[in-house]
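>>> no sequence for this one, just the structure:
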C-alpha cells in the first residue's frame, strides 16, 4: 500500500530541504508529518503516541540546528519516527521494524543523523555530554549537542548522574525535557510532582515570560549582561517555587516551561538558546499522542497499539475461532494475584512496566502490595532486596534486556546475602521487532554464573505457574524465572499450582540414538521437530531440563550413558548459556558425545518477527530437524 506524503513533506528529503521553507510553513509541515506517521503506523504497526507528541519539536530542532553537524540524541528512541522521516528515510519508512527493514530506534549504522544508538532509557544526556567533550577537545567549539529526554526517562538514575557532571562543565549542551507525564504507563514519583508544580503555577509562568523577554533584550549586550539577567531569573524562580532550583542547583540554566506544540515559539526559543553558552535545559510540555484523539485519551494503550483503522480508531485484531493461548506476561500477572491471595508476604515490583509485564493486574487488585518504582532497574532490585530482609516474598519483574542494567545489584545486594528475591525476566530470548536493544539474549549466561542463584525457564503456561509457586516457597536465595514475549501454547492454562523439585527436569519423549535437551518455551519447537521425525520413523529422546542452575545431574547421567549424540536448544546466547552448561557437565564427568548446540549465535541479531529470527539464528523446528539428520548422517528428509 502506497502512502503519499503531503505537498510540503514530499519535498523534504533531508533537513536542508526543511530549512528552505519559510517559518510560516512549519506548522503545515508538522501537520503533514503527523498525518504521515498516523497513516504508516495504522497500516504497518509500531510505536505511536511518543512520536506524535514531539512532531513540532522534531521539526523545530532540524529547522534551527545544523544537523547532523550539530549532534541530536534521542532518549530511548520511541519518539524518533518524525526524525527518521525528515532525515532521508521517508521512502523506506514502510519497512520500519520489519525484517531487514529500518530499525524502530535510532541506529548509527542506519544514518549519519542518528548520532547515538538507543533503545533503553536515560542514556541521552551522558552520550550528548561525551560528544560535547569530544568536540571541544577537537576544537569544534561552535558545535551544538542536544539531548531530548522524556520526564519518564529522567527518573532513571543515569540521567541525574549525567546532569551532575554536565553542570560541572562549561560544555555546549542543551537538554530538552519532553514533559508529557508518561513513560509507557503514567509516570510516578516526586519528580513528576515537581514538574507538575512548575507547569501549573500561573504566577511563575507569568513572570517567567517577562524574564524571558528581558533576557532576550539584555543578553545581546554581552556575557556580563547575560550573567546578571541569569542571576535575577534564578532568584525569582527560587522565590516563586521553593523547589525550583532542582536543575539550577546542578548548575544547569533552566528555561521553560514552553508549549511543545507551538512550533513558531519553539523555533524562536531554540534560536535564543543557541546563543547562550554552557549547559542548559529547556522544559517542553507536550501531549503524548497529540493530534490523534484516542491516543491522547488513552496514552498507555496507544503507546504501540499495532495496526488500526485511522478513521474509527478500531485496533485490528486477528479473528479467533477457537480458544487462544494467553501471553506469558498475563499468566504471570494473574498468577501473582493468586499467590498473593494465598501468601500475604508476596509483593510485586516493576520499574515502569506495569502494563508491559502485566503487574498492573495485581496493582489494581492489591495496590498496597505492588509497586511501580519508575525507570530505575537498579533501585527495583535493591528495593526488592530490602523487602526480602523483612520477610517479604518480592517478585521483581524486569524485562531480560533491562535486567542487564541492574546486574551489580543482583550480585552485590541479593546473591551475596542469599536473599530470596524472585526475578521474573519477561521478554527473555528473541524479543522481535524491537531488535537488539530489547532481545533478552544473555540472561541464561549471566544469571547461571552467579553463586546462590536458581535459574529456571518454563516450557508452557502451566510450568510458569508452578515455577512461580515453587519460587514463592524457596527461602535459600534468589530465584530467576525467564520467559519469552508473546503467547504460550495452552488455551486452558489455569491449572492447580504445584511445587516443583528444584533442579529437576523431565523426560517428554523416549527414543534412540539422539537426545534433544531444551530449556524453556523453545522446547515446543523441539516437540514439532520430534513429531516430524516420528512420522519418518525416527524416534529421538526429548528432555525438558527446566533448570539451567542447578542442572538435573541425575537426568544428565542417564542422557550421556544412553546417548552419544546430543542436541541442545535454547532461546539464548550460545556463549556461556544452556548448551555450554551441558558441555561443562559432560567434560566434568568424562563423557564423550557429539553435541550440537542451537541458540542465538555470537553476534548482534537485528529486528524481525520472532519466528523469522529463530530461523535466521538456526534454532527453529527445521533447524532441529537438520541437526538431527546431521548427527544421524542422513542427507535429507527420510
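Ah, there it is. Remember, predicted model here, so these are calculated numbers, not experimental data.
>>> just give the closest residue to residue 99, not the sequence neighbours.
If the residues on either side of it in the chain are set aside, residue 99 comes closest to residue 608, at 3.4 Å by CB to CB, 6 or more residues apart in numbering. (C-beta placed from N, C-alpha, C; glycine too.)
>>> which ones are touching that neighbour?
If a contact means CB atoms under 8 Å, 6 or more residues apart in numbering, then residue 608 has 98, 99, 100, 432, 433, 616 as its contacts.
>>> ok, and the most crowded of those?
Looking at these with neighbours defined as other CB atoms under 10 Å, the largest count falls to residue 433 at 23 neighbours.
>>> any idea which element it lies in?
With elements taken from DSSP states H and E, nothing contains residue 433; it lies in neither a helix nor a strand.
>>> not counting sequence-adjacent ones, nearest residue to it?
Once its chain neighbours are removed from consideration, residue 433 has its nearest residue in residue 97; the separation is 4.1 Å (CB to CB, 6+ apart).
>>> these two touch, right, the one you found and residue 46?
Yes - taking contact to mean CB atoms under 8 Å, the distance of 5.3 Å between residue 97 and residue 46 places them in contact.
>>> overlap of the contact sets of those two?
Joint contacts of residue 97 and residue 46 (CB under 8 Å, 6+ apart) are 104, 433.
>>> excluding covalently adjacent residues, which one is nearest to residue 564?
Excluding the flanking residues, the one nearest residue 564 by CB to CB, 6+ apart is residue 593, at 4.8 Å.
>>> quick one: residues contacting the residue nearest to residue 433.
The contact partners of residue 97, taken as CB under 8 Å, 6+ apart, are 44, 45, 46, 103, 104, 433, 434, 435, 607.
>>> same question for residue 409.
378, 381, 382, 385.
>>> quick one: the strands in the stretch 501-638 of the chain?
Assigned strands in the stretch 501-638 of the chain, in chain order: 506-509, 514-518, 541-544, 547-549, 565-573, 594-600 (criterion: DSSP state E, counting those that start in this stretch).
>>> in its sheet, what does the second one sit against?
Right, the one you point to is strand 514-518. Each strand paired with strand 514-518, and its direction, by DSSP bridges: strand 541-544 (parallel), strand 565-573 (parallel).
>>> repeat that for the fourth one.
Sheet pairing for strand 547-549, assigned by DSSP bridges, gives strand 454-456 (antiparallel).
>>> tell me the domain boundaries of the chain?
Per the record, the chain has its domains at 9-201+241-297, 328-482, 506-631, by automatic domain parsing.
>>> now do the contacts for the nearest residue to residue 417 once chain neighbours are set aside.
Of all residues not flanking residue 417 in the chain, residue 385 sits nearest, at 7.1 Å (CB to CB, 6+ apart). Contact criterion CB under 8 Å, 6+ apart gives 394, 409, 413, 414, 417, 419, 421 as the residues in contact with residue 385.
>>> apply 6 Å and report the result again.
Counting by CB atoms under 6 Å, 6 or more residues apart in numbering, residue 385 touches 413, 414, 419, 421.
>>> and the gap between it and residue 371?
Between residue 385 and residue 371 the distance, using CB to CB, to the nearest Å, works out to 14 Å.
>>> ok so, going back, highest neighbour count among the contacts of residue 409?
Neighbour counts for these were taken using other CB under 10 Å; the highest belongs to residue 381, which has 30 neighbours.
>>> so that residue is in which element?
Counting by DSSP H and E, residue 381 is part of helix 377-389.
>>> each with direction, which strands does the helix or strand just after that helix pair with?
Of the helices and strands lying after helix 377-389 in sequence (DSSP H and E), the nearest is strand 393-399. Listed by DSSP bridges, the sheet partners of strand 393-399 and their directions read strand 346-350 (parallel), strand 422-426 (parallel).
>>> just put those strands in TSV and tack on mean neighbour count, distance to residue 486 and mean pLDDT.
Shown next, in TSV, are the strands paired with strand 393-399 (neighbours: other CB atoms under 10 Å; distance: least, CB to CB, whole Å; pLDDT from 0 to 100):
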stretch	mean neighbour count	distance to residue 486	mean pLDDT
strand 346-350	26	19	98
strand 422-426	28	10	98
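>>> next, format those as CSV and append distance to residue 287.
Compiled in CSV, those are given as follows (distance: least, CB to CB, whole Å):
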stretch, distance to residue 287
strand 346-350, 25
strand 422-426, 29
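>>> who's residue 284 bridged to?
Here residue 284 sits in beta bridges with residue 178, residue 258, going by DSSP bridges.
>>> in the stretch 301-450 of the chain, mark out all the helices, start to finish.
Listed in chain order, the helices found in the stretch 301-450 of the chain under DSSP state H, counting those that start in this stretch are 328-342, 354-357, 360-365, 377-389, 400-403, 407-409, 443-448.
>>> hang on, I meant the stretch 1-150 of the chain
Counting by DSSP H, counting those that start in this stretch, the stretch 1-150 of the chain forms helices over residues 15-19, 26-44, 49-53, 55-64, 81-84, 124-137, given from the N-terminal end onward.
>>> buried stuff in the first one?
By neighbour count with 16 or more other CB atoms under 10 Å, helix 15-19 contains the buried residues 15, 18.
>>> from the contacts of residue 409, which two are the most distant?
Greatest spatial distance among the contacts of residue 409 (CB to CB): 378 and 385, at 11.0 Å.
>>> quick one: low-confidence parts of this structure?
For the chain, residues meeting the criterion pLDDT under 70 lie at 1, 182-189, 192, 197-245, 318-321, 636-638.
>>> can you pull the buried residues of stretch 506-519?
The neighbour-count check on stretch 506-519 (16+ other CB under 10 Å) flags 508, 509, 511, 514, 515, 516, 517, 518, 519 as buried.
>>> what count of nearby residues applies to residue 88?
That count, for residue 88 with other CB under 10 Å as the rule, works out to 17.
>>> surely it meets residue 14?
Yes - counting by CB atoms under 6 Å, residue 88 touches residue 14, with 5.2 Å between them.
>>> in space, what's closest to residue 165 - neighbours in sequence excluded?
With CB to CB, 6+ apart as the criterion, residue 165 has its nearest non-adjacent residue at 6.3 Å, and that residue is residue 129.
>>> and the one you found, what does it touch?
Going by CB under 6 Å, 6+ apart, the list of residues near residue 129 reads 162, 166, 173.
>>> mind checking which of the strands of the stretch 501-638 of the chain is nearest residue 485?
Shortest separation from residue 485 across the strands of the stretch 501-638 of the chain is recorded for strand 565-573, at 10.3 Å, computed as CB to CB.
>>> identify the residues contacting that closest one?
429, 441-442, 444-445, 513-519, 522, 526, 577-579, 582, 593-600, 619, 627, 631.
>>> out of these, which end up buried?
Of the members of these, the ones counted as buried by neighbours, 16+ other CB under 10 Å, are 429, 441-442, 444-445, 514-519, 522, 526, 577-579, 582, 595-600, 619, 627, 631.
>>> please tell me how far the closest residue to residue 119 other than its chain neighbours sits from residue 402.
Leaving aside its chain neighbours, residue 119 sits nearest to residue 437 (2.5 Å; criterion: CB to CB, 6+ apart). If you measure residue 437 against residue 402 using CB to CB, the figure is 10 Å.
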